[in-house]
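K.L.:
Fold the stuff below for me.
(one chain, ligands or ions: 1)
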Amino acid sequence: MGDFERFIKRCEEVREMIGRMHSPLIVNHYDADGLASGGLVAKALRMAGKEFRIMTTRKLDEGVIESLKGEKEIIFVDFGGGAKQLELVEERLGKSDVVVIDHHQTKESKILQANPHLFGFDGGSELSAAGTAYFVFRQPELVELAIVGAMGDMQHPLKGLNRKILEEGKKHGMVEVGLDLTLFGRVSRGLVWFLQYCSEPYLPGLTGKRAACAQFLEELGIELKEGERWRKYYELPHDEKVKIVSGLVALLYSREADDATIKSLVGEVYTFPRQEQGTELSDANEFSTALNACGRHNRPEVGVGVCLGEKKAIEEAQELLLLHRRQLREGMEFASQAVEDFGVYYFLDGRGIIDDGLIGVVAGMMYGGTIQRTKPIIAAALNEEGQIKISGRATKKLCAQGLNLGKMLSKATEGIGAGGGHNIAAGAQVETGKMNEFLLGAGEIVTSQLNFP
Ligand SMILES: [Mn+2]
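P.N.:
Presented below is the predicted three-dimensional model:
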């Protein structure tokens, strides 16, 4: 059990130190939680009438820390707590006023840190960086961003300290909790795209297939359009929602999906009544995806602007989401032609064509009807630096038969890269020129894990 009182006391110390700063530089991570937490700190400073600057970066390494020399006041958010980072910050930025707001594993140091791990709470599962920043400032207006950060770091359904934030937000009318379909796009996607782009869970026969989705809805008696406008799930009357939920359960049941998959269809959803309804910002999951799109497309300042409620930034973020969806669609189209059967696994070579941030999603969506569920899929893409990035995806059934992609990728990249992850989804990096070696090794390991002849 964590010690909440001591955690809150530390958060107050951090708030006081920030309160003494004049014009701090916020240095935050570029993913959804990093942007939500940086945006939350920025919003709190703005509410206090304080000036600030913000710098978003992909990693906090020696070079970045070195470049901050000369900054008088720095607030690190969503990183900075790593042992090596703390050491470097102490060594290089000793003359500056520095605080760290983070939720990754850490230890105490001379640097003042707000971090749930230091007080016995698991920052991996029950509090994000945005949630930690919330407890530093603890004002109702900041609840939304705290929940968006938790969604971005996959901490749903919210529990522990996240749950506490949720309760505080509910009390002030900032957030509502409902039980509904958890599929992405309830608010922002037209019904057909809502189903077509659903990758979690895979909807057999629907995911990736536009015509089949339209037919599925029509057979349930659901109108796709209202006049010229595509209808969205969130605005449907209750009885139509029930039809869709039952239809999806029946579909998964008939395809012998496992219990966990069927249960995952429905769960807690978090909505923000103060935000304009029908926009991405009114749903915690979609808000976090919008931030993710900003970070991934190198527009972190747009993400921060979204957190601050700036209209222009919100419009730009919507454009980035459209771009994201278009890339996903194009990636799917390419992949469904290019995916190859390598015997014990499928191989998708997306190098130079599919974005490295999308390759895993695209690979997983191939199970929507393009490939058989009897073997895993391994996909390759290039990252910004031109390095080979590998994503592996499998099915629960394959994992039950002994497949473990995390172990496989870790072993297959020994000496030629690095890899790891979960049994059902994992990633790796492979050195340039070592692709064939990797693919051969991967084949051997998959064969032995699955006892293929
Ligand atoms: Mn985080």
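K.L.:
Now do the contacts for the closest residue to the ion within the chain.
P.N.:
Closest approach between the chain and the ion, counting by C-beta to the ion: Asp33, at 3.4 Å. Every residue, glycine included, has its C-beta placed from N, CA and C. Contact analysis of Asp33 by C-beta atoms under 8 Å, 6 or more residues apart in numbering lists Asp78, Ser128, Ala129, Ala130, Gly149, Ala150, Gly152, Asp153, Ser288.
K.L.:
okay, and the helix or strand of this protein with the least pLDDT?
P.N.:
helix 259-264 (a mean of 84; mean pLDDT, DSSP states H and E).
K.L.:
Give the buried residues for the following helix or strand past that one.
P.N.:
The helix or strand immediately downstream of helix 259-264 is strand 266-271, counting by DSSP states H and E. Residues of strand 266-271 classed as buried by neighbour count (16 or more other C-beta atoms under 10 Å): Val269, Tyr270, Thr271.
K.L.:
helices and strands around the following helix or strand past strand 266-271, which ones?
P.N.:
Remark: after strand 266-271, the chain's next helix or strand is helix 284-296, criterion DSSP H and E. Packing contacts for helix 284-296, counted by 3 or more C-beta pairs under 8 Å, 6 or more residues apart in numbering; DSSP states H and E, involve helix 32-47, helix 143-152, strand 266-271, helix 300-307, helix 311-338.
K.L.:
Ranking those by mean neighbour count, which comes first?
P.N.:
Highest mean neighbour count of the helices and strands packed on helix 284-296: helix 143-152, a mean of 31 (counted as mean count of other C-beta atoms under 10 Å).
K.L.:
That one near the ion at all?
P.N.:
No - for helix 143-152, no contact with the ion is found by C-beta under 5 Å from the ion; the gap never falls below 6.7 Å.
K.L.:
can I get the buried residues of strand 266-271 in a markdown table with distance to the ion?
P.N.:
Shown next, in a markdown table, are those (distance: C-beta to the ion, whole Å):
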| residue | distance to the ion |
| --- | --- |
| Val269 | 21 |
| Tyr270 | 17 |
| Thr271 | 22 |
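K.L.:
ok, now which ones touch the most centrally placed residue in the chain?
P.N.:
Compute the mean C-alpha point of the chain, and by C-alpha atoms, centre = their mean the closest residue is Gly152, 4.1 Å away. Listed by C-beta under 8 Å, 6+ apart, the contact set of Gly152 reads Asp31, Ala32, Asp33, Leu35, Ala36, Ser128, Ala130, Ser288, Leu291, Asn292.
K.L.:
now Ile244
P.N.:
Here Ile244 is in contact with Leu181, Leu217, Leu220, Ile222, Tyr233, Leu236 (C-beta under 8 Å, 6+ apart).
K.L.:
Which one of the residues you listed is nearest to Gly364?
P.N.:
Among the contacts of Ile244, Leu181 lies closest to Gly364 (C-beta to C-beta), at 18.9 Å.
K.L.:
ok, what's across the strand from that closest one?
P.N.:
When assigned by DSSP bridges, Leu181 has beta-bridge partners Val266.
K.L.:
quick one on the thing from earlier: nearest spatial neighbour of the residue nearest to the centre of the chain, chain-adjacent residues omitted?
P.N.:
Once flanking residues are discounted, Gly152 sits nearest to Ala32: 2.8 Å by C-beta to C-beta, 6 or more residues apart in numbering.
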